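*Asks:* Quick one: sequence plus predicted model below, questions after.
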Amino acid sequence: MRELPPRFNSRRGNSRKISASNPAACAPQGFEAVLAGDDERLGGFLLPSILAYDLGASSGRALLGRLNNRTIEVEEVHRFGNDPVVVGDRMHWDILRLYHDIKQGLLKAKHAGETISSLAIDSWAVDFGLVGRGGELLGNPYHYRDRHTDGVMERTMERLTASRIFGRSGIQFLPFNTIYQLAALKEADSPLLEQAKHFLMIPDLLRYFLTGEMHNEFSNATTTQFYNPVLGGWDAELLADIGISPSLFGNVVQPGTRVGQLRASLTEELGIDAIPVFAVAEHDTGSAVAAVPALERDFAYLSCGTWSLMGTEVDQPVMGELAQTLNFTNEGGVGGTFRLLKNIMGLWILNESHRTWEKAGLSYSFPELVALAEKAPAFRSLIDPDDPMFLHAGDMPSRIANYCERTGQQAPQSPGEFVRCILESLALKYRYVLELTERLSGKSFSGLHMVGGGIQNALLCQWSANAIGKPVWAGPVEGSALGNLAVQWIAQGELSDIWEARKVIRESFPVTVYEPRDGAQWEDAYGRFRALTGLSK
Ligand SMILES: C[C@H](O)[C@H](O)[C@@H](O)C(=O)CO
């Protein structure tokens, strides 16, 4: 059974009120005192900063956080690109460059005169590195959009059946899930598997570089599709099914667990202290959901970035036939919770269209593209953003035109019309998935919380409210980084539990409310969208 760190099993109402009555604990320099389970609040002293690294599919940032008398102050000390590297027909992450930027963040914090009391890393899911006998990384991790997994999911599902895989993992079927990446290496008889001794997901790997310690974190482990949430551990049967040795997989730690400190060689190299390192919800979506400033216990969220992740928070995974049929997922959360959600292709389609136009010498900023979309004719062309033709990198405008021709629609002609098609289709897909979430969870939501970088697109937020016919509460932008900070503060007794964290986030970062408009138009468009895309409930 999963062991939760102290202060994290307060999902429903049994949180321990932490009082500041015992001044004996007030020894800021004795920070370790807190770590030793002393949960007396340090009498309102301003504690040193903590550092959150949030690595997204296109960029990363190092955010300093301070908790100043119930208000969160954040400061971005380092922002960096995350450009995949294509070698031949393989696409890899530039993991050593990412580690270099993590070190840059530490140096910038040091030069800013900051005392860092802890740090943690979150990133996108499913991807991993393999480490050999000597502790060496055996190669640059594959990017989940690399095509070495083409056809592997279908072959694996045929051999094992979808019910067996979903019944043991509770995870949605996506072709890049870790289980199919490992199965692809097995099919290719990759020498990597012969040499591999340890499996580390992206944050696990970067944390290992920092501390020298190897741990697999829970929220990210669940995205592999071979973690069994009922057994509370790696599923040896599924691993055996794909011919992968269970010995590669280590102990799974829960968000909020202290997992070492910066190794001596690094503290010497950078001239900094051996800062404690925590595991947080290292799947960035897990951290984003932790930071949703919800008031009510039953809330719907949309984490909006390269991907759009929509769902709700549940105490137990929902692994019945309907969940499998609707292809929902149950990814691990904070405090023993699960994220019942569905992946939606998201702003990736817009980002790739922008990249295609840039390559063609058509240079538009994102705000310009959104302004052009607003002026374009409404609901002229609609797509299902999750059609597999939009998954891999490439010329999205041509694929959108192709989709429209295939469905008997007029294809967009100008960048403004293409962007309108993308944003309208996303908003309508959000309505579709929200209705499925209500059906599957048995909950009804009074509105939708939108968090993440994508909410800076106010038009998308407004159209999402119009499409769902309910208010959208947008904020915070830095959802993942704030969720990362929050779990570090809870682990160190600064916040009592995730609900206090959400309250402090709500008070520190006011949300923008988008009330639904143009109901009749969007209702009509939704009918057309369902008919065109063939999406039935
Ligand atoms: C593959 C994606 O990374 C994953 O499904 C998504 O949840 C994510 O991590 C978005 O950053």
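*Replies:* That came in fine, so what should we check first?
*Asks:* For residue 292, see how far away the residue nearest to residue 443 when sequence neighbours are not counted is.
*Replies:* Spatial nearest neighbour of residue 443, excluding adjacent residues (C-beta to C-beta, 6 or more residues apart in numbering): residue 298 at 4.6 Å. Using the backbone N, CA and C atoms, a C-beta is placed for each residue, glycine as well. Distance of residue 298 to residue 292, given as C-beta to C-beta, to the nearest Å: 12 Å.
*Asks:* Counting neighbours, go ahead and name the busier of the two.
*Replies:* More neighbours surround residue 292 than the other of residue 298 and residue 292, with 26 against 14 (other C-beta atoms under 10 Å).
*Asks:* Touching, that one and residue 450? I think so.
*Replies:* No. Contact criterion C-beta atoms under 8 Å: residue 292 and residue 450 do not qualify, at 9.3 Å.
*Asks:* Common neighbours of the two, please.
*Replies:* residue 301 (C-beta atoms under 8 Å, 6 or more residues apart in numbering).
*Asks:* For residue 29, report the pLDDT, please.
*Replies:* In this model, residue 29 is scored at 39, pLDDT.
*Asks:* Same check on residue 189?
*Replies:* Per-residue pLDDT puts residue 189 at 97.
*Asks:* distance of it from the ligand?
*Replies:* Using C-beta to the nearest ligand atom, to the nearest Å, residue 189 is found at 26 Å from the ligand.
*Asks:* Let me know the secondary structure of that residue.
*Replies:* With DSSP: H, G, I helix; E, B strand; the rest coil as the basis, residue 189 sits in coil.
*Asks:* Neighbours of it, how many?
*Replies:* Number of residues near residue 189 (other C-beta under 10 Å) recorded here: 8.
*Asks:* Report the contact partners of the closest residue to the ligand within the chain.
*Replies:* Nearest residue of the chain to the ligand: residue 124, at 3.5 Å (C-beta to the nearest ligand atom). Counting by C-beta under 8 Å, 6+ apart, residue 124 touches 55, 56, 57, 144, 202, 283, 284, 306.
*Asks:* Which ones, among those, also lie beside the ligand?
*Replies:* 57, 144, 283, 284 (C-beta under 6 Å from any ligand atom).
*Asks:* could those be laid out in CSV, adding distance to residue 190, secondary structure and pLDDT?
*Replies:* CSV is the format used below for those (distance: C-beta to C-beta, whole Å; DSSP: H, G, I helix; E, B strand; the rest coil; pLDDT from 0 to 100):
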residue, distance to residue 190, secondary structure, pLDDT
57, 24, coil, 95
144, 17, coil, 98
283, 25, strand, 98
284, 27, helix, 98
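*Asks:* Need the buried ones from these selected in PyMOL.
*Replies:* Command for PyMOL that selects the buried part of these, burial taken from 16 or more other C-beta atoms under 10 Å:
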select buried, resi 57+144+283+284
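*Asks:* Just the closest of the ones next to the ligand among the contacts of residue 124 to residue 136, please.
*Replies:* residue 144 (23.0 Å; C-beta to C-beta).
*Asks:* pretty sure the closest one contacts residue 176?
*Replies:* Yes. The criterion here is C-beta under 8 Å, and residue 144 meets it with residue 176 at 3.7 Å.
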